[in-house]
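K.L.:
structure, please.
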Amino acid sequence: MPDAMKTLLLNPPSFENFDGGASSRWPATREIESYWYPVWLSYPAGMIPGSWLLDASPHKINWQQTVQICKDYEFLILFTSTVGFESDIKLIHKIKEANPSIKIAFVGPHGHIKPDETLMASEDIDFVTRGEFDHSVVEYAHGKPLGEILGVSYRKDGKIVHNAERPQLHMEELDALPFASDIYKRDLEIERYNVPFLLHPFISFYTTRGCPALCTFCMWPQTISGHAWRTRSTENVAREVKQALGHFPQMKEIFFDDDTFNIRKDRVLDLCAKFKPLKFRWSSTARVHSDYETVKAMADSGARLFIVGFESGDAQILKNIKKGATLEMARNFRKSCRKVGIRVHGDFIIGLPGETRETIQKTIDFAKELDCETIQVSLAHAMPGTELHDAMAAQGFLKIEALADSGGHQLPHIEYPHLSKVEMMAGVNRFYDEYYFRPRVVWRIVKEALWDGHERKRLYHEATEFLKLRAERLKWARKGGEEYHKPIVSVPRASSASGND
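P.N.:
Residues are numbered from 1 along each chain as shown. The predicted model follows:
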């Protein structure tokens, strides 16, 4: 195999506090600063000798520094998102000006969904990947001609060429991939990554790819990872856990960031049996389908928290989005978690098909009934490439295509004849207020902070950030949301550019 091109894998700088690519399910600036790991980029990074995975935002690398760094590279693999795309186009233009010979590939869901539009947006892009891109970019880095690489789109003789699709990876190929945690050790500072409901510092990686669930709004199974559920062997996962524990003695927990971790009971029980002797804390995504026996086994093997997408407290809305779960299943799962001491971070969405003023309140009341330790409330985002996007566009409910404002915050871009975007944004604010300002919840948070100095500092920082954004949202709602009609400006603000400290 020929020597590899000198390669930089980039999760690019963007809006301040923006967590928009390489793993994020909702690309947006967070209410509270948080960053997920660029897991997808870690696999090709481990297969290209001499490469560097640069995750710019959490490491405080700004535009100017990124351009300077790219002067020393032959090949740039940039993970783009729909929200950050305009910004990324401007960035690579500056990079090409500074280093005209550099080759640039765009990877991620946006290019997968819109390869023609992506290539037409800039002559600076040499090719775009479609589907899982692990081996596509590795083959190019090792000198394979574009015409022979599966799953790429590129220009040739003034026309755009789409090569044949690349088959998805299955267990043997997934087990053969490098460990993401090895690349974190090589290239990243794990203390830079923070998610409010996870212990700090943490690391995250995948044990599976794909999700058989058919949720209409979920981007990854409808784009890169697909609905075919493919697993790493439990031996391979346990081996990475053991190695990561050696790499990062300061690590407080591992988060398994699968689309859904607990798809199949026998595999979960097998993993738990292998995790238990390792004596570590872990958290994961979860659906509400697991029975008490499975939840108990997970708790006994070190499970601390589950992220659960409850989405709505209205049964018809759950049917509308093909959630494949019921309110009673959610109640039973929460009861099991409470019984064994596993915390739950509940995700809810305002503005899904069928939403009304009444269903918003039903969801708030349902969330209070479940009484999860923490929650996140999002506006429904119809991401390009999803069934929800196609349905909303066909019915004329996408009032603006922009998904974020000039600061990267979520825009309420869906609007119904009976429910305005202002009402939906107000619903998000009311949701948080009604949930977190209950005396029992305030006391629960204060009690935890009293016993944990680190938690106390983090809580103060997060509360300050959240209250600031809450005030901005209320101000926007009082004005009727007019400023969100302005075109999105995707160039990061100068104030977000800081040194690499």
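K.L.:
where in this protein is pLDDT low?
P.N.:
Along the chain, segments meeting pLDDT under 70 span 1, 15-32, 400-411, 453-467, 469-470, 472-501.
K.L.:
wait, R430 touches I364, no?
P.N.:
Yes. If you go by CB atoms under 8 Å, R430 and I364 touch, sitting 7.0 Å apart. For glycine as for every other residue, the C-beta is placed from the backbone atoms N, C-alpha and C.
K.L.:
higher neighbour count, those two?
P.N.:
For R430 versus I364, the count of surrounding residues by other CB atoms under 10 Å is larger for I364: 21 against 16.
K.L.:
show me the contacts for the more buried one.
P.N.:
By CB atoms under 8 Å, 6 or more residues apart in numbering, the contact set of I364 is 313, 430-431, 434-435.
K.L.:
return the subset of those residues lying in helices.
P.N.:
Using DSSP state H, the subset of these located in helices is 430-431, 434-435.
K.L.:
nearest to K252 among these?
P.N.:
Nearest to K252 out of these is Y435 (CB to CB; 25.8 Å).
K.L.:
right, and that closest one touches E369 too?
P.N.:
No. With contacts counted by CB under 8 Å, Y435 stays clear of E369, the gap being 11.0 Å.
K.L.:
neighbour count: those two, which is higher?
P.N.:
Each of Y435 and E369 has its neighbours counted (other CB under 10 Å); Y435 has more, 19 against 12.
K.L.:
which residues touch the spatially closest residue to P212 that is not a sequence neighbour?
P.N.:
Spatial nearest neighbour of P212, chain neighbours left out: W229 (5.0 Å); criterion: CB to CB, 6 or more residues apart in numbering. Taking CB under 8 Å, 6+ apart, we find W229 in contact with 208-212, 263.
K.L.:
if we use 6 Å, what do you get?
P.N.:
Neighbouring residues of W229 by CB atoms under 6 Å, 6 or more residues apart in numbering: 210, 212, 263.
K.L.:
quick one: buried residues of stretch 143-159?
P.N.:
Within stretch 143-159, the residues scored as buried using 16 or more other CB atoms under 10 Å are 146, 149, 151-154.
K.L.:
stretch 288-300 too?
P.N.:
Across stretch 288-300, burial judged by 16+ other CB under 10 Å covers 288-290, 294-299.
K.L.:
tell me where the stretch 201-350 of the chain has helices.
P.N.:
Using DSSP state H, counting those that start in this stretch, the helices found in the stretch 201-350 of the chain span residues 234-247, 265-275, 292-300, 315-320, 327-340.
K.L.:
please apply the same query to the stretch 51-200 of the chain.
P.N.:
Along the stretch 51-200 of the chain, counting by DSSP H, counting those that start in this stretch, helices occupy 63-70, 85-98, 109-113, 115-121, 134-141, 171-176, 180-187.
K.L.:
ok, and the most crowded of the contacts of W229?
P.N.:
Of those, with other CB under 10 Å as the count, G210 tops at 22 neighbours.
K.L.:
distance of it relative to C70?
P.N.:
The gap separating G210 from C70 is 33 Å, by CB to CB, to the nearest Å.
K.L.:
cool, and G302?
P.N.:
Taking CB to CB as the measure, G302 falls 41 Å from C70.
K.L.:
likewise P109?
P.N.:
Separation of P109 from C70 (CB to CB): 23 Å.
K.L.:
burial check on the residue nearest to V288 when sequence neighbours are not counted, number of neighbours?
P.N.:
Residue nearest to V288 in three dimensions, not counting chain neighbours: F333, with 3.8 Å by CB to CB, 6+ apart. Counted with other CB under 10 Å, the neighbours of F333 add up to 25.
K.L.:
shouldn't F333 be in contact with H289?
P.N.:
No. Counting by CB atoms under 6 Å, F333 stays clear of H289, with 7.6 Å between them.
K.L.:
measure D175 to L169 for me?
P.N.:
Counting by CB to CB, the gap from D175 to L169 is 10 Å.
K.L.:
who has more neighbours, those two?
P.N.:
Legend: neighbour count by other CB under 10 Å for D175 and L169, higher for L169 (20 against 15).
K.L.:
thinking again about what came up before, just put the buried residues of stretch 143-159 in CSV and tack on distance to M329.
P.N.:
Output for the buried residues of stretch 143-159, formatted as CSV (distance: CB to CB, whole Å):
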residue, distance to M329
L146, 47
I149, 44
G151, 37
V152, 41
S153, 41
Y154, 46
